[in-house]
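Engineer: can you look at this prediction? I've put the sequence above it.
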Amino acid sequence: MEEVAMKTVKRVLCVVLALALGLAMFAPAVAGEELDPRIAEVQAIIEEYNATHGGTGALSVSYELRRGYDSALVITGEVTGATKSLELPEIQYVRYDWKATLTGETSGEALLIVRRVSFTGGELKTSGLAVEGIYVSINGGTVAGDIRTIRDVDGHGGNVEIYEGAFIGAIVCSIFGLSGNAVVNVTALSAEIVRIQDKAHLHFMENAAVNILYETYIETKAKITGSGARAFIKDAVLYHNAFSYMSGDAIIYSSFWYSSVAQFVFRWIFFPQAMLGF
C-alpha cells in the first residue's frame, strides 16, 4: 500500500513540475502576444518610413522582452540621405534601443522624434536637430546633431544622460549628466543642472554658448577643455571623492572643502590646462 502511495505522490509531483515548466515557457509568449498590436504599430511606422524617407536603405524593429522600462524595441538597419524625420510612438513600460544608422537632413524637424530612447550603437547624424524627446541616453555609438528634451505634462523628464560613445552638437535639456568614458563636443549647452563624473571628457567648441540655470557639479577625474572651459569650471562646484559625496542633486562637503579657497585649489590642481585657457 505504501509503495502504491509513493508512486502516486511521485506521479503528482511530476505532473506539477511539468505544468510549472510549461507555464514558465509559455509566459514570455503570452507577454509577447499581448504586445503584438503595439509592435505591429511600430513596424507599420517603420515600413512606411522606409518607403518615404527620401534616402537609401531601410530600418527594422524587433522586441526584446525584459522587465518594466527595460523592455525594449530595438531599432536596427541603415538609412542614409533621409529627408524626412522618423517619429516613434510612446509605448508604456517600453523604451527604444537605437542600434541603427540614420543620416540625413530634414526641413527644421528633428531627424528622430521619440519620448524615450537609448543609443547603444550605430549612428544618428544631421547638421540640424538630431533628437527631440523627453529622455535621451547615449551608451554607445555616435550622435552628431543637436539634442533637445522637454519635461512631460507632469513635469518629469527633460534629461540627457551620456555614459559612453561620442556626441557633437548642441544640448538643450533640464538635467545633463555626463559620465563613464564619454566624449562630448558641444557647440552650445543649456541646462538647469549639470553633473559630470568619472573620466568623461567635455569639450567646448569655439564660441560655444553656455547657459546653466542652477548648478554644475564636476568630479575632479573629468576632463574639461575648449574655449569656454575656464568660465564653465569657474562657475561650477568641483568635488573629489575623497572629500565629498553626492546626495540627490547636491554635493555634500565639509564646510572647508566647499569654501572658495578649496574650490580655487581644486581648479588649479585638477584643471590647470582649462584655467590657462588651453
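Structural biologist: Thanks, I have the structure now. Numbers count the residues shown, from 1 in each chain.

Engineer: identify the residues contacting Ile75.
Structural biologist: Applying C-beta atoms under 8 Å, 6 or more residues apart in numbering to Ile75 gives the contacts 46, 59-61, 88, 96-100. Heads up, the C-betas are built off the backbone N, CA and C, glycines and all.

Engineer: residues near Glu48, how many?
Structural biologist: Counted with other C-beta atoms under 10 Å, residues neighbouring Glu48 total 11.

Engineer: just Val261 next, same as before
Structural biologist: Val261 is flanked by 9 other residues according to other C-beta under 10 Å.

Engineer: am I right that it sits in a helix?
Structural biologist: Yes: using DSSP: H, G, I helix; E, B strand; the rest coil, the assignment for Val261 is a helix.

Engineer: which of the contacts of Ile75 fall in strands?
Structural biologist: Under the assignment DSSP state E, the contacts of Ile75 contribute 59-61, 96-98 to strands.

Engineer: quick one: buried ones out of those residues?
Structural biologist: Buried members of the ones in strands among the contacts of Ile75, scored by 16 or more other C-beta atoms under 10 Å, are 59, 61, 96-98.

Engineer: can you pull out the low-pLDDT segments for the stretch 151-278 of the chain?
Structural biologist: Along the stretch 151-278 of the chain, segments meeting pLDDT under 70 span 241-258.

Engineer: repeat for the stretch 1-150 of the chain
Structural biologist: The stretch 1-150 of the chain contains residues with pLDDT under 70 at 1-37, 66-70.

Engineer: quick one: the strands in it?
Structural biologist: 56-64, 71-82, 86-87, 94-98, 101-104, 112-113, 116-119, 123-133, 135-149 (DSSP state E, counting those that start in this stretch).

Engineer: so what secondary structure elements neighbour the third one?
Structural biologist: Right, strand 86-87. Packing partners of strand 86-87 (3 or more C-beta pairs under 8 Å, 6 or more residues apart in numbering; DSSP states H and E): helix 2-52, strand 112-113.

Engineer: in its sheet, what does that strand sit against?
Structural biologist: The pairing partners recorded for strand 86-87 under DSSP bridges are strand 112-113 (parallel).
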